[in-house]
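Novice: 3D, please:
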Amino acid sequence: MSSPVLILSKPVLAALSEGRPVIALESTIISHGMPYPQNVETALACERLAREHGAEPATVAVLGGKLHAGLTADQIEYLGKAGTKIRKASRRDLPLMAARGEDGATTVAATMLVSALAGIPVFATGGIGGVHRGAETTMDVSADLEELARTPVAVVCAGAKSILDLGLTLEYLETRGVPVIGYRTDELPAFFTRHSGFPLPQRAETPEEIAAAIRAQRAMGYPGGMLVANPIPGEYEMPRAAISQAIEDALADARRQGVTGKDVTPFLLSAVVRLTGGESLKSNIQLVYNNVRLAAHIAACL
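Specialist: Numbers count the residues shown, from 1 in each chain. You can find the predicted model right below:
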C-alpha cells in the first residue's frame, strides 16, 4: 500500500482495497520504446483495454523520487513527450533516484519490484530483456531475468525481445528456476513472430490454468515469479526472414557506433522500426495489447 516511498493512485488503491483485479504496466515502453505520440496513445489504450477486460491498470514509474503505481493521463503525457530524456530505471537505479528526487521510466525489473511492493501479482509488458547476443564475452545479461528469479510477480509477455539470444535466455531462466509457461503454444514466441524454434517445457490453455499455477507457486513459497509467453496474434506477426535481417543489420549498426549497456535495446528496437519501414512498431503495439488482455483475464481469475 502507499508509503513515503510508494504512491498508489486512487483508482489502484481502491481496487486493491476492494480485492478487485489489478495489473501492472511498465513505463520504459512509453519513454524509450516508441516515438511520441504513439507511445502515449499506446499507453492510454493499454489502460483502456485492461479496464475493458476487468482489471484496473497500474502504470509504474518514478516521479520526483517516488515509486508510483498508477499514473494520471497527464503523467503519461509527460513521460511520452520527454522520451529518452527520462532516465531508464532498473532495480539498481531506484535507491539513488529516490534520494535525489529524480524521474524515471521503469524497466521490467523495476516494474516487477514496484508491483511486488504494491501487492500487484500480474504484470503485462511487450517482451522481457534477456541474454544478449555475444554475452559469452560481454556478460550482458538483463536484470529482468534475475528479477524473475526473486520477485513474486507473473509477467505476461510475447517472449524475450528477438534482438536477444533466445536460447541462452531460456537456459538462464531454467537455471534460476523460473517457470516459463507457453499460453496455447509449445514454442517460445520471438516477440515480432510467433515462432523461435525453441520448445517450451510447459503450456497452458486458459487464464484459469495460469492463475491456478500462480496460486500453487505462492503456496509452495517460491521466492520468484513466473513468465507467461503469449504469442503475437498471427495477423500482426512479421515475416521471420524480414525481421531476422532487420535485426542483423541493426546489430551491425550498434557495433559500428559502439552502443553498449542499457542503450543497446532501445537503439536496436528503433533501428528495426526504421529498417522495416515502421511495420515492426505496428506489430509491437499489437503484441502489447494482446498481453494486456491476457494479463487482465489472469488477474480476474486470481
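Novice: where exactly do the strands run in the stretch 51-200 of the chain?
Specialist: In the stretch 51-200 of the chain, the segments counted as strands under DSSP state E, counting those that start in this stretch are 56-63, 66-69, 87-89, 104-106, 122-124, 154-157, 180-183.
Novice: Domain-wise, how is the protein divided?
Specialist: Domain assignment for the chain by automatic domain parsing gives 1-120, 122-302.
Novice: where among those domains is the average confidence lowest?
Specialist: The minimum mean pLDDT among those belongs to domain 122-302 (a mean of 91).
Novice: Tell me the gap between that domain and the middle of its chain.
Specialist: The chain centroid and the centroid of domain 122-302 are separated by 8 Å, computed with Cα atoms, centre = their mean, to the nearest Å.
Novice: Between the two ends of that domain, what distance do you get?
Specialist: One end of domain 122-302 sits 9 Å from the other (Cα to Cα, to the nearest Å).
Novice: again with stretch 26-38
Specialist: From its first residue to its last, stretch 26-38 covers 15 Å (Cα to Cα).
Novice: Return the set of buried residues in that stretch.
Specialist: Applying a neighbour-count criterion of 16 or more other Cβ atoms under 10 Å, the buried positions in stretch 26-38 are 26-34, 38. The way it works is simple: take the backbone N, C-alpha and C, and place the C-beta from them, glycine included.
Novice: Kindly report the same for stretch 116-130.
Specialist: 116-118, 120-130.
Novice: and what of stretch 146-159?
Specialist: Of all the residues in stretch 146-159, those buried under the rule 16+ other Cβ under 10 Å are 146-159.
Novice: how about it as PDB, C-alpha atoms only?
Specialist: In PDB, the C-alpha atoms belonging to stretch 146-159 read as follows (Å, rounded to 0.1, in the frame of the first residue of the first chain):
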ATOM      1  CA  GLU A 146      17.300 -12.100 -12.000                       C
ATOM      2  CA  GLU A 147      14.200 -10.200 -11.000                       C
ATOM      3  CA  LEU A 148      12.000 -13.100 -12.300                       C
ATOM      4  CA  ALA A 149      14.100 -15.400 -10.100                       C
ATOM      5  CA  ARG A 150      13.400 -13.500  -6.900                       C
ATOM      6  CA  THR A 151      10.300 -11.300  -7.200                       C
ATOM      7  CA  PRO A 152       6.800 -12.900  -6.900                       C
ATOM      8  CA  VAL A 153       5.100 -11.400  -9.900                       C
ATOM      9  CA  ALA A 154       3.800 -13.200 -13.000                       C
ATOM     10  CA  VAL A 155       4.900 -11.400 -16.200                       C
ATOM     11  CA  VAL A 156       2.900 -11.800 -19.400                       C
ATOM     12  CA  CYS A 157       4.900 -11.100 -22.500                       C
ATOM     13  CA  ALA A 158       5.500 -12.100 -26.100                       C
ATOM     14  CA  GLY A 159       8.700 -13.800 -25.200                       C
END
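Novice: quick one: contacts for the closest residue to residue 201 other than its chain neighbours?
Specialist: Of all residues not flanking residue 201 in the chain, residue 180 sits nearest, at 7.1 Å (Cβ to Cβ, 6 or more residues apart in numbering). By Cβ atoms under 8 Å, 6 or more residues apart in numbering, the residues touching residue 180 are 170, 173-174, 188, 200-202, 226-227, 229.
Novice: Can you tell me the centre-most residue of this protein?
Specialist: Nearest to the mean C-alpha position of the chain, by Cα atoms, centre = their mean, lies residue 125 at 3.0 Å.
Novice: quick one: that one and residue 289, what's the gap?
Specialist: As judged by Cβ to Cβ, to the nearest Å, residue 125 and residue 289 stand 12 Å apart.
Novice: packing partners for the helix ranked longest in the chain?
Specialist: Scanning the chain for the helix with the most residues, using DSSP state H, yields helix 279-301. Where contact means 3 or more Cβ pairs under 8 Å, 6 or more residues apart in numbering; DSSP states H and E, helix 279-301 is packed against strand 22-25, helix 38-52, strand 122-124, strand 154-157, helix 207-219, strand 226-229, helix 264-275.
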